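[1] how would this look folded up:
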Amino acid sequence: MQLDLREVEEICKTLYVQALKVLPADIKAGFKELVRTETDATGRRILDTMIENIAVAERTKNILCQDTGIPIYNVVVGRDVEFDGAGLKRAIRTGCERATHDYSLRSSVVHPITRKNNQTSSGIRVPIIHVDFDEQPETVSIEMIPKGSGSENGSFLQMLLPSDGINAVKRFVIDRVIESGGRVCPPTIVGVGIGGTSDLCMHLAKIAATRPLGSVCSDEEGAKIERELSGAVNELGIGPQGLGGRSTSFAVHVEVAATHITQNPVAVNIQCHSARRARATITPGGISFSA
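    Next up is the predicted model:
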């Protein structure tokens, strides 16, 4: 299959807008479950307001949150796909810029030193583009995630030692959730990376934070920690928007990687309640869109 880069550009434009306006079904279901289990009156009232905001945004075809985020595109290329790598990156960037121009989106991207905003949602090394490969024949998947600053500021890394033990990993996660409090717009998805190098560990935490609700870590030990921490964070009393209650987090997600014998990195990356994402899958039969 030859990848049509003009098609990719249009897809990336569409995905950005779709992600900003339509919350994935698994997150909506997550809200319903939190409402069912929330015992605090204020917590329930805040959750109800959030659910109404989601409905209004979709009914009026407006964006879910004023923060259009740092645009992230995750591309997975299957077997027997031909494409120009530099052209692919250019198509993604152009699609991102066109979405910002054509739909009058607020650009949240600035130069880190001058703070200049080019009003394109793009800049040096942004949009962030990750390209990976899998065994699916003649298939390309493009996922778009607009990562808001409120939750992205809830990012932490610690280079633990093996002698610290797994309890130090768990304590680090819980302490960072407490430290973040309501600043990360809970209820959240708490992404945790364990292992790898410092940069890989942070990337794992981002993958974990943006995984669909209901998905489980493929590593048995990682899945065990997910279950334990998911229960623990909702006993902290932080609640939706930090105003009290059980609904601090939809879930804690964990991703792991092998690491060096003398280290054990742990990272946290938090996703806010507006856990936005959109996906397109390209095959010889056409294009399908999903969340």
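[2] pass me the low-pLDDT residue ranges in the protein, would you?
    Nowhere does the chain drop to pLDDT under 70.
[3] all strands for it, in order.
    Using DSSP state E, the strands of the chain run over 70-79, 128-137, 140-147, 155-160, 188-195, 249-257, 264-271, 278-283, 286-290.
[4] any chance of a markdown table for these, columns mean neighbour count and distance to Leu20?
    To be clear about C-beta, it is placed using only N, CA and C from the backbone, and glycine gets the same treatment. Listed next are these as a markdown table, based on neighbours: other C-beta atoms under 10 Å; distance: least, C-beta to C-beta, whole Å:
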| stretch | mean neighbour count | distance to Leu20 |
| --- | --- | --- |
| strand 70-79 | 20 | 10 |
| strand 128-137 | 12 | 16 |
| strand 140-147 | 24 | 6 |
| strand 155-160 | 17 | 21 |
| strand 188-195 | 27 | 18 |
| strand 249-257 | 26 | 20 |
| strand 264-271 | 26 | 15 |
| strand 278-283 | 20 | 9 |
| strand 286-290 | 12 | 14 |
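[5] possible to save these as CSV with distance to Ala232?
    Listed next are the strands of the chain as CSV, based on distance: least, C-beta to C-beta, whole Å:
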stretch, distance to Ala232
strand 70-79, 28
strand 128-137, 30
strand 140-147, 25
strand 155-160, 17
strand 188-195, 10
strand 249-257, 8
strand 264-271, 14
strand 278-283, 31
strand 286-290, 32
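[6] out of those strands, nearest to Leu3?
    Of all the strands of the chain, it is strand 140-147 that lies closest to Leu3, at 6.0 Å by C-beta to C-beta.
[7] who touches that closest one?
    Residues from elsewhere that reach strand 140-147, judged by C-beta atoms under 8 Å, 6 or more residues apart in numbering: 1, 3, 8, 11-12, 15-16, 18-20, 67-78, 81, 83, 92, 206, 210, 271, 276-282.
[8] show me where the stretch 101-250 of the chain has helices.
    149-152, 166-180, 198-209, 220-233 (DSSP state H, counting those that start in this stretch).
[9] quick check: phi and psi at Gly196.
    Main-chain torsions, Gly196, degrees, to the nearest 10: phi 70, psi -150.
[10] distance of it relative to Met159?
    Computed with C-beta to C-beta, to the nearest Å, the distance linking Gly196 and Met159 is 11 Å.
[11] what do these two both touch?
    Shared contacts of Gly196 and Met159 (C-beta under 8 Å, 6+ apart): Pro265.
[12] tell me the centre residue of the chain?
    Centroid-nearest residue in the chain, with C-alpha atoms, centre = their mean: Thr210, separated by 3.0 Å.
[13] any idea how far Val56 is from that residue?
    From Thr210 to Val56 the distance is 24 Å (C-beta to C-beta).
[14] could you do Ser151 as well?
    21 Å.
[15] and Val173, by the same measure?
    In this structure, Val173 and Val56 are 34 Å apart, going by C-beta to C-beta.
[16] those two - which one has more neighbours?
    Neighbour count, other C-beta atoms under 10 Å: between Val173 and Val56, Val173 has more, with 25 against 11.
[17] give me every residue that touches that one.
    Val173 makes contact with Val190, Val192, Leu229, Val233, Val252, Val266, Val268, according to C-beta under 8 Å, 6+ apart.
[18] repeat that for Tyr73.
    Neighbour list for Tyr73: Cys12, Leu15, Ile92, Cys96, Pro127, Ile128, Ile129, His130, Ile142, Glu143, Met144, Ile145 [criterion: C-beta under 8 Å, 6+ apart].
[19] next one: Arg90
    Leu5.
[20] now Gln119
    By C-beta under 8 Å, 6+ apart, the residues touching Gln119 are Thr100, Ser107.
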